[in-house]
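Enquirer: Mind looking at a prediction? Sequence and model below.
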There are 2 protein chains.
Amino acid sequence: MLTTAPPTERDQFSPGTRQLLDRASAYCAAHAGRLTETRRLVLGLITEASKPVGAYDILDHLRSFQKNAAPPTVYRALDFLLAQGLIHRIERLTAFVGCAHRLDCTHEGGCGHRAQFLICSVCGTVSELEEPGIARAIHDAAKAIGFRPSHATVEIEGVCAQCQTR
Amino acid sequence: MLTTAPPTERDQFSPGTRQLLDRASAYCAAHAGRLTETRRLVLGLITEASKPVGAYDILDHLRSFQKNAAPPTVYRALDFLLAQGLIHRIERLTAFVGCAHRLDCTHEGGCGHRAQFLICSVCGTVSELEEPGIARAIHDAAKAIGFRPSHATVEIEGVCAQCQTR
DNA sequence: CGCCTTTAGTTATATTATAACGACGGACAG
DNA sequence: CTGTCCGTCGTTATAATATAACTAAAGGCG
């Protein structure tokens, strides 16, 4: 009798995504982390989405690979990916996006805490900025009043260029 | 027979808070809004707290005034106060703080969307900045890529001056 | 007053996130 | 080899935050 095997990432993820996952796996290995099967699937699902995805959206999709996935399954993977800097949490949306720069970032630990996000309120897409001027303005303002910043959340809501022309 | 009356704001709020509430009431009246009893209590509770407060913390305290308060009671008041610009929501904390500047702000609608917040991870206090340099850096960066911003969330986590010296 | 709009009460439920505990598995020292 | 440790995962339950939907009351205004 033929039992139906659950789908693998090969069936669902684009070649581009799988390549990114391979690079992420190497990145983790180089930073004392393991991109396990579950973590890889979660990162893949986030990467394939064109918009931020909520934890329970991820859970729904993850269940097509692992029928017994539960909330802690997803949240544990998300915690790991956040710690590695491979994804970001968008606070205003309570949702997650892949990090556009982490794998290309040459300066250790230098990318995650400086990113800014542009949220289009029409199409819902989020794009990531790395604008030194913003980071500097924040740093300077904090320094001027004796505050020592460790991380800044910058989320800019508005209408993206594409949606303005429609 | 003597029935015990529920406490009024007079019993709980400091004179300074009550004065602020009176000013807020006038502010609302001038902007086609009514600072009703419930809204006034919620704003008072937020104002008295030295730190950001969660919606359910507010609910707990509100119940000492109104025994039948429920989640929608609080969320409706919060929605109103946010719309008036009298409080802010701190996304990273899922909590609310009073607006330090709204009542003193002379330019209509000009204060709310430019504020930045400093969150001390040691003592938990949040202070509000209004630093034109940050707002300008954000505006310029967005403009450069054709994005039209409507609102920017800037939340800076770190250690405040006071906590650094301890 | 009578009408209309805003506000509030009430119940139920949706959405997001974590606690707690046991099991499994690989790495590594002895 | 084998026992131990640590990181990961499965599982169940529950906490914390937020909203839907409907009804009723209260206030402004002709």
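Expert: Yep, it's here. Numbering: from 1, shown residues only, chains lettered A, B, ... in the order given.
Enquirer: Is there a neighbour count for residue A:164? I'd like the number.
Expert: 13 (other C-beta atoms under 10 Å in any protein chain shown). (C-beta placed from N, C-alpha, C; glycine too.)
Enquirer: Enumerate every residue touching it.
Expert: Going by C-beta atoms under 8 Å, 6 or more residues apart in numbering or on different chains, residue A:164 touches B:146, B:148.
Enquirer: please redo it, this time with the cut-off set to 10 Å
Expert: A:120, A:122, A:158, B:146-148 (C-beta atoms under 10 Å, 6 or more residues apart in numbering or on different chains).
Enquirer: who wins for most neighbours among those residues?
Expert: residue B:147 (23 neighbours).
Enquirer: Isn't that residue up against residue A:131?
Expert: No: counting by C-beta atoms under 10 Å, residue B:147 sits too far from residue A:131 to count as a contact (11.5 Å).
Enquirer: Now the common contact residues for the two.
Expert: Residues touching both residue B:147 and residue A:131 by C-beta under 10 Å, 6+ apart: residue B:141.
Enquirer: for chain A, longest strand please?
Expert: Scanning chain A for the strand with the most residues, using DSSP state E, yields strand A:148-159.
Enquirer: quick one: average pLDDT of the helix or strand containing residue A:20?
Expert: Residue A:20 belongs to helix A:15-29 when assigned by DSSP states H and E. Helix A:15-29 shows a mean pLDDT of 96.
Enquirer: Could you list every helix and strand in contact with the helix or strand just after that helix?
Expert: Counting by DSSP H and E, the next helix or strand C-terminal to helix A:15-29 is helix A:37-48. With contacts taken as 3 or more C-beta pairs under 10 Å, 6 or more residues apart in numbering or on different chains; DSSP states H and E, helix A:37-48 sits against helix A:9-12, helix A:15-29, helix A:55-62, helix A:71-84, strand A:87-90, strand A:95-98.
Enquirer: Please save the CA atoms from the fifth one in PDB.
Expert: Read it as strand A:87-90. Listed next in PDB are the C-alpha coordinates belonging to strand A:87-90 (Å, rounded to 0.1, in the frame of the first residue of the first chain):
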ATOM      1  CA  ILE A  87      14.000  37.800  10.400                       C
ATOM      2  CA  HIS A  88      12.500  40.900  11.900                       C
ATOM      3  CA  ARG A  89       9.400  41.500  13.900                       C
ATOM      4  CA  ILE A  90       7.200  44.400  12.700                       C
END
